[in-house]
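Chemist: The following comprises the amino acid sequence and a computationally predicted model.
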Amino acid sequence: MKTLICGKGGCGKSLVTALLAMELTKRRYKVIVVDNDESNFGLHIQLGIELPKDFALHFGGKRIVTEKLLGSKGAEEERFSVIGGEIRASDIPEDYMSKKGGVNLLAIGKIRDFGEGCACPFNALSADLLRMLKLNEGEFALVDTDAGVEHFGRGVETGCDLLLMVIEPSQESIRLAEKGNKIAEEAGKPLYYVLNKTDDETAKFLLDSVDKNKVVSVIPEDKKVFRYGLVGEALDFELKGVGELADFLERKKSRDR
Ligand SMILES: Nc1ncnc2c1ncn2[C@@H]1O[C@H](COP(=O)(O)OP(=O)(O)OP(=O)(O)O)[C@@H](O)[C@H]1O
Ligand SMILES: [Mg+2]
C-alpha cells in the first residue's frame, strides 16, 4: 500500500504522516516514508530521524535528473526511468535512507537552492520512484507532499494506491478538498479525508461541509503538538484518530491483497 498525504499548507500533513508511520510500526509493519516536500524541513524532526542524503544526488543531482526525466515525454509507460526497473526498499543505499525502528525515511527535493527554479524534477523523480517501488508483505509507504495540489498531474500520485487529504477547519481547506476530489477522480485514485485540528464544533462543521463518507479519521487540535513543534522534538505520543486511520489502511491493505 502506497499512500500519498496531501492538503493545504500547514493543515497537518507531516504530523499525520509521522504519527501514522509510528502507529504502523507499533503494529509491526515496516514503513517507508518518502518526504517529497521540497519547501519544508520538519518531517524528519517529527519522526526523530536524521535527514538522509537527498535521493536526487544518487542520480547525479538536480541538473541530471532534470535532463533525464523532464526531457522524456510521451505515454507514462514509455517514459525514461532513472530508477530503471522494479525497486525494493532494501535496494536503496543506506546513505539515502535513514532508519529508526521500523521507520525508513527517504528525502527528495531538499537540495533546491534559493531561486533555483521549480520543483518539477523532484516531483518527476518521486513519481518515478513510486511507480517502480515494489513493497514487500508487511510494508507500507507513506508520501508526505508539499502544500496544495501541484504534485498532482506531475504523476506523483500515479504509483500510489490511495490518497489522503488532510483538512483543517478553514474554507480554504474545504475548497481544496473539493478540488482534490476532482483531480483524484480524473486520476482514477481513491481519495479519503482526514479532519485535523478539530474540536466538537469544527469537526461537526467540516463533516457537514465535505462528503462524510470519505472521512476516515478525525484528529483533535492538541496543545502537545504545538509544544513539540515549538521545541523541535520528535513526536512520541499518541493522538486520537490516528489509530482509526491505521485501522483503515490495514483494512484496505488486506482487501487489496
Ligand atoms: N492536531 C493538531 N493539534 C495542534 N497543532 C497541530 C495539529 N496538527 C498540526 N498542528 C500544528 O500545525 C502546524 C503545521 O503542521 P504540519 O507541519 O504537520 O503541517 P503541514 O501540512 O505538513 O505543513 P506544510 O504545508 O508547511 O508542510 C504545526 O505548527 C503543528 O504543530
Ligand atoms: Mg509538511
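Modeler: All right, it came through fine. Ligands and ions are numbered 1, 2, ... in the order given.
Chemist: all contacts plus neighbour counts: C-alpha atoms, from now on.
Modeler: Fine.
Chemist: so what's residue 169 up against?
Modeler: The contact partners of residue 169, by C-alpha atoms under 8 Å, 6 or more residues apart in numbering, come to 195, 196, 197, 198, 202, 203, 206.
Chemist: and the two most separated of those?
Modeler: Maximum pairwise distance in these, criterion C-alpha to C-alpha, is 11.0 Å, between 197 and 206.
Chemist: quick one, which of those two is more surrounded?
Modeler: Neighbour comparison, residue 197 and residue 206: the larger count goes to residue 206, with 23 against 19 (by other C-alpha atoms under 10 Å).
Chemist: Quick check: nearest residue in space to that one, chain neighbours excluded?
Modeler: residue 169 (6.7 Å; C-alpha to C-alpha, 6 or more residues apart in numbering).
Chemist: and that neighbour, helix, strand or coil?
Modeler: Using DSSP: H, G, I helix; E, B strand; the rest coil, the structure places residue 169 in coil.
Chemist: ranges for the helices of this structure?
Modeler: Along the chain, counting by DSSP state H, helices occupy 13-26, 43-47, 62-65, 120-132, 171-187, 200-209, 223-231, 242-256.
Chemist: Mean pLDDT and distance to residue 141 for the ones you listed - can I get that in JSON lines?
Modeler: Putting the helices of the chain into JSON lines (pLDDT from 0 to 100; distance: least, C-alpha to C-alpha, whole Å) gives the following:
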{"stretch": "helix 13-26", "mean pLDDT": "97", "distance to residue 141": "9"}
{"stretch": "helix 43-47", "mean pLDDT": "94", "distance to residue 141": "15"}
{"stretch": "helix 62-65", "mean pLDDT": "79", "distance to residue 141": "23"}
{"stretch": "helix 120-132", "mean pLDDT": "89", "distance to residue 141": "9"}
{"stretch": "helix 171-187", "mean pLDDT": "92", "distance to residue 141": "19"}
{"stretch": "helix 200-209", "mean pLDDT": "98", "distance to residue 141": "28"}
{"stretch": "helix 223-231", "mean pLDDT": "93", "distance to residue 141": "23"}
{"stretch": "helix 242-256", "mean pLDDT": "93", "distance to residue 141": "11"}
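Chemist: Out of the ones you listed, which is closest to residue 87?
Modeler: helix 120-132 (5.7 Å).
Chemist: In this protein, where's the longest strand?
Modeler: Identified as the longest strand of the chain according to DSSP state E is strand 191-198.
Chemist: Identify the residues contacting that one?
Modeler: With C-alpha under 8 Å, 6+ apart as the test, strand 191-198 has contacts from 11-12, 162-169, 177, 181, 184, 203, 206, 214-222.
Chemist: switch to 6 Å and redo it
Modeler: Residues outside strand 191-198 that contact it (C-alpha atoms under 6 Å, 6 or more residues apart in numbering): 163-168, 214-221.
Chemist: repeat for stretch 43-57
Modeler: 14, 18, 95, 96, 97, 98, 107, 108, 234, 235.
Chemist: Can you sort out which of those residues also neighbour ligand 1?
Modeler: residue 14 (C-alpha under 6 Å from any ligand atom).
Chemist: Find the nearest non-adjacent residue to residue 241, please.
Modeler: Closest to residue 241 by C-alpha to C-alpha, 6+ apart is residue 219, at 4.8 Å.
Chemist: Neighbours of the one you found, how many?
Modeler: Residue 219: 22 surrounding residues under other C-alpha under 10 Å.
Chemist: what do you get for residue 136?
Modeler: Count around residue 136 with other C-alpha under 10 Å applied: 12.
Chemist: Got the phi and psi for it?
Modeler: When read as degrees, to the nearest 10, the backbone of residue 136 gives phi -80, psi 160.
Chemist: tally of neighbours for the closest residue to it other than its chain neighbours?
Modeler: Distances taken as C-alpha to C-alpha, 6+ apart put residue 88 closest to residue 136, at 7.7 Å, once the chain neighbours are dropped. Residues contacting residue 88 under the criterion other C-alpha under 10 Å number 12.
Chemist: Fine, thanks again, bye for now.
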